[in-house]
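> let's see this in three dimensions:
(one chain, ligands or ions: 1)
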Amino acid sequence: MIENRSGESRRGVIGKAWIVMGVVAVAEAFWIVVDFLRPRRAHALDDADVVVAGPIDRFEPGSVTAFPAGKFYLVRLEDGGFLALARECTHLGCTVPWSPAENQFVCPCHSSVFDIHGEVLEQPAPRALDHYAVRIENGIVKVDISRPHRRQ
Ligand code: FES
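Next up, the predicted model:
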């Protein structure tokens, strides 16, 4: 049997290393199970996740207003409803400007075109523009930018 200077056999050192690795693996597995079983807190809306767009009357029906800080366009539809459309093109993520003259969004990168609802008029964009949840509280339009919603 081969022994090192301290008299401990190589087999003994390897055995101890296996024991240490086994303890670490069990601890990791335990942590994963505990983390999986731990109840999740409901997603609380943070103030940073909400953009206060302004009073309803500020937005004319048929208008599109850019909110660069929130990275969305607030669309006031002709029927009075609101849509908050993401500015990112669904093709490769370029910022899509609104073209009032053409009444549509035209991507400068590969020429995808979207209508005022964000629906694709011309590809290569594979799907409509993402949108954010809009809510109206006491006549004030607020947009939840915490998570864009994907449309097919
Ligand atoms: Fe908009 Fe390609 S990134 S069309």
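
> hey, where'd the helices end up in this structure?
10-37 (DSSP state H).

> residues from it in reach of the ligand?
Contact residues (C-beta under 6 Å from any ligand atom) of the chain with the ligand: 89, 91-92, 94, 107, 109-110, 112, 124-125. Where you see a C-beta, it was placed from the backbone N, CA and C, and this is true even at glycine.

> which among those residues end up buried?
89, 91, 107, 112, 125 (16 or more other C-beta atoms under 10 Å).

> could you find the closest non-adjacent residue to the second one?
Just to be clear, that refers to H91. In space, and not counting its chain neighbours, H91 is closest to A125: 4.5 Å by C-beta to C-beta, 6 or more residues apart in numbering.

> the one you found contacts S112, doesn't it?
Yes - the pair A125 / S112 is scored as a contact, 3.6 Å apart, by C-beta atoms under 8 Å.

> overlap in contacts of the two?
Counting by C-beta atoms under 8 Å, 6 or more residues apart in numbering, the contacts common to A125 and S112 are 89-91.

> just the closest of those residues to G15, please.
T90 (56.8 Å; C-beta to C-beta).

> that closest one touches P126, doesn't it?
Yes - here T90 lies in contact with P126, judged by C-beta under 8 Å, at a distance of 6.0 Å.

> now do D57 against the ligand, distance only.
As for D57, its distance to the ligand is 33 Å (criterion: C-beta to the nearest ligand atom, to the nearest Å).

> I meant to write A25 there.
From A25 to the ligand the distance is 45 Å (C-beta to the nearest ligand atom).

> one step back: okay, the residues of the chain next to the ligand in JSON lines with distance to I19 next?
Shown next, in JSON lines, are the residues of the chain next to the ligand (distance: C-beta to C-beta, whole Å):
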{"residue": "C89", "distance to I19": "55"}
{"residue": "H91", "distance to I19": "54"}
{"residue": "L92", "distance to I19": "51"}
{"residue": "C94", "distance to I19": "55"}
{"residue": "C107", "distance to I19": "59"}
{"residue": "C109", "distance to I19": "57"}
{"residue": "H110", "distance to I19": "58"}
{"residue": "S112", "distance to I19": "59"}
{"residue": "P124", "distance to I19": "57"}
{"residue": "A125", "distance to I19": "57"}
